[in-house]
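Peer 1: Coordinates for the following, if possible.
(2 chains)
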Amino acid sequence: KAGVTQTPRYLIKTRGQQVTLSCSPISGHRSVSWYQQTPGQGLQFLFEYFSETQRNKGNFPGRFSGRQFSNSRSEMNVSTLELGDSALYLCASSLAGARGYTFGSGTRLTVV
Amino acid sequence: GQQVMQIPQYQHVQEGEDFTTYCNSSTTLSNIQWYKQRPGGHPVFLIQLVKSGEVKKQKRLTFQFGEAKKNSSLHITATQTTDVGTYFCAVFNQAGTALIFGKGTTLSVSS
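Peer 2: Model prediction:
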């Protein structure tokens, strides 16, 4: 079966711009989580969606937002980009509950 | 919130040597997961441990969950160059709506 698909793979943006990243989960997976990965901070939890509802949000500013659609696809948006937002953004999906996550290949965002 | 401490941060071994990474929590865990991320790749789920004292094996990898369910370990026997990468432990928050990752242990192997 198809894995988790994230688009785009690479992105270069300028400070102050906004960006939207997309994630298509494995078919049948209703839970989608987003993570920011940087060398200094590791894998940091951004938010989790289940059936179009955000069930949890990590400790990130309000510039980071997301949503999930009825087909379980998810998007995350970062507004007013800062240099420190440069990172690998990973999306993961799971069936539900305490199960193993399947990660996408990520979107590498560079803010210049 | 839920946190796990992982040690060591880095480990370099000669091919054929053993490797162990540890994950510790100050609170009792309902379960713990382990992931591997190869350089340039994304995390890949390895296993989930649920029961107190549980031990599971996957070929050369042995996973343990402590009796008190506050710690876990991943042991690799006779490392190979294919074992290179970062190993993460991860735990859910109480509601099961956020999977929180440790900082990871990065393993390098020289042949």
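Peer 1: Which strand or helix spans whichever residue of chain A sits closest to chain B?
Peer 2: Going by C-beta to the nearest C-beta, chain B is nearest to A:Gly100 of chain A, at 3.6 Å. The way it works is simple: take the backbone N, C-alpha and C, and place the C-beta from them, glycine included. With secondary structure defined by DSSP states H and E, A:Gly100 is part of neither a helix nor a strand.
Peer 1: And it, its phi and psi?
Peer 2: Main-chain torsions, A:Gly100, degrees, to the nearest 10: phi -60, psi 140.
Peer 1: Contact partners for it?
Peer 2: By C-beta atoms under 8 Å, 6 or more residues apart in numbering or on different chains, the contact set of A:Gly100 is A:94, B:33, B:45, B:47-48.
Peer 1: Dump the residues you listed to JSON lines, plus secondary structure.
Peer 2: Output for these, formatted as JSON lines (DSSP: H, G, I helix; E, B strand; the rest coil):
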{"residue": "A:Ser94", "secondary structure": "strand"}
{"residue": "B:Gln33", "secondary structure": "strand"}
{"residue": "B:Phe45", "secondary structure": "strand"}
{"residue": "B:Ile47", "secondary structure": "strand"}
{"residue": "B:Gln48", "secondary structure": "strand"}
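Peer 1: so which of the residues you listed is the most crowded?
Peer 2: Greatest neighbour count in the contacts of A:Gly100, by other C-beta atoms under 10 Å in any protein chain shown, goes to B:Gln33: 25 neighbours.
Peer 1: just to revisit the earlier point, could you work out the most separated pair of the contacts of A:Gly100?
Peer 2: A:Ser94 and B:Ile47 (14.6 Å; C-beta to C-beta).
Peer 1: So which elements touch the longest strand anywhere in chain B?
Peer 2: Longest strand in chain B by number of residues (criterion: DSSP state E): strand B:85-92. Applying 3 or more C-beta pairs under 8 Å, 6 or more residues apart in numbering or on different chains; DSSP states H and E, we find strand B:85-92 packed against strand B:19-24, strand B:32-37, strand B:71-76, strand B:99-101, strand B:105-110.
Peer 1: what's the most buried one of these?
Peer 2: strand B:32-37 (a mean of 24; mean count of other C-beta atoms under 10 Å in any protein chain shown).
Peer 1: Sheet-wise, list the partners of it with their directions.
Peer 2: strand B:44-49 (antiparallel), strand B:85-92 (antiparallel) (DSSP bridges).
Peer 1: and B:Val55, how many neighbours does it have?
Peer 2: When neighbours are counted by other C-beta under 10 Å, B:Val55 registers 12.
Peer 1: Quick check: it vs chain A, distance?
Peer 2: 18 Å (C-beta to the nearest C-beta, to the nearest Å).
Peer 1: do the same with B:His75
Peer 2: 20 Å.
Peer 1: if we can go back for a sec, residues in contact with the longest strand of chain B?
Peer 2: A:43, A:98, B:2, B:4, B:6, B:21, B:23, B:25, B:29-39, B:41, B:43, B:72, B:74, B:98-102, B:104-107.
Peer 1: Let's see that with 6 Å instead.
Peer 2: A:98, B:2, B:4, B:6, B:21, B:23, B:29, B:32-38, B:72, B:74, B:99-102, B:104-106 (C-beta atoms under 6 Å, 6 or more residues apart in numbering or on different chains).
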